[in-house]
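Q: Show me how the following folds:
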Amino acid sequence: MPRPYVIIVSAASIDGRIASKTGYSRLSCSFDLRRLHEVRASVDAIMVGANTVIIDDPSLTPRYVKAVKNPIRVVIDGLLRIPLTAKVVVNKEAPTIIVTTESAPIDKVMALKNNGVDVWVIGKDRVNLKEALERLYEEKDVRRVLVEGGGHLNWELIKEGLVDEVRLTISPYVFGAGTSFIEGEGYPTTMEGPRLRLKSVNLCECGQEVILNYIIERG
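A: Just a heads-up that it's a prediction; the model follows:
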């Protein structure tokens, strides 16, 4: 079945961290933030993992640019760990879909639905990301998805071959520890991972950040 075009956009320190060991993740300059919001305004859905919502509590709406309509917010949360006070739940500027599993507590499912959130149960113990993307394509007419992390969601999507493009901003900071851009069991060598083709390299307007754009090749 067809699925949307999936773009991962992230900012990382020069040692590949998207957040410090305390969860601090403010790495982008104002120019990079505007670029991110331009992508938000151009896609049909924004996807994040539960940890991103729990730690950062983002609104996931374009704020620095004008959008024709706000994209659907999609949260991957297998155990429904996000709080009912999260902005993606209480903020009604954009629709929210939370994708969870059969392991999620039914009372939390009902509470989210009572808050006007669409809850999809896809998978027994782990969210079936491929099915979730296909369902977004078929039922919600989603053709382009922006993924804003975190590292575990990035890994799962890449591991399953569900990513088409990666846009990574390298910021002039070092954390030394924390959350990596990709967090997972990893590949033993370069032979097992996806083939990435460098599409462009650009220096940010701030003069301190580098934007890398990679296309993931198929076949």
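Q: Could you pull out the strands in this structure for me?
A: Secondary structure of the chain by DSSP state E: the strands cover 5-12, 17-19, 45-49, 72-76, 96-100, 118-121, 144-147, 165-170, 179-180, 195-203, 210-217.
Q: Out of the ones you listed, which gets nearest to Leu129?
A: Closest approach to Leu129 among the strands of the chain (C-beta to C-beta): strand 72-76, 7.1 Å. Using the backbone N, CA and C atoms, a C-beta is placed for each residue, glycine as well.
Q: can you list contacts of that closest one?
A: Strand 72-76 has contacts (C-beta atoms under 8 Å, 6 or more residues apart in numbering) with 44-50, 53, 60-61, 82, 88, 94-99, 127, 129, 132, 136, 140, 142, 145, 153.
Q: cool, stretch 188-204 as well?
A: Contacts for stretch 188-204 (C-beta under 8 Å, 6+ apart): 29, 31-32, 158, 161, 163, 165-166, 169, 187, 209-217.
Q: Start and end of it, how far apart?
A: The stretch stretch 188-204 measures 33 Å between its terminal residues, going by C-alpha to C-alpha, to the nearest Å.
Q: Please compute how far it lies from its chain's middle.
A: 18 Å (C-alpha atoms, centre = their mean, to the nearest Å).
Q: Which positions in it come out as buried?
A: Along stretch 188-204, these residues count as buried under the neighbour rule (16 or more other C-beta atoms under 10 Å): Cys204.
Q: sorry, back to before: which among the strands of the chain is found nearest to Val109?
A: Closest to Val109 of the strands of the chain is strand 118-121 (C-beta to C-beta; 5.2 Å).
Q: What mean pLDDT does that closest one get?
A: Mean pLDDT, strand 118-121: 98.
Q: Let the chain start at 28 from now.
A: Sure thing, new numbering starts at 28, so read that last one as strand 145-148.
Q: tally of neighbours for Ile238?
A: Counted with other C-beta atoms under 10 Å, the neighbours of Ile238 add up to 18.
Q: nearest spatial neighbour of it, skipping sequence neighbours?
A: Asn229 (4.6 Å; C-beta to C-beta, 6 or more residues apart in numbering).
Q: quick one: the one you found from Asn240, how far?
A: Here Asn229 is placed at a distance of 8 Å from Asn240 (C-beta to C-beta, to the nearest Å).
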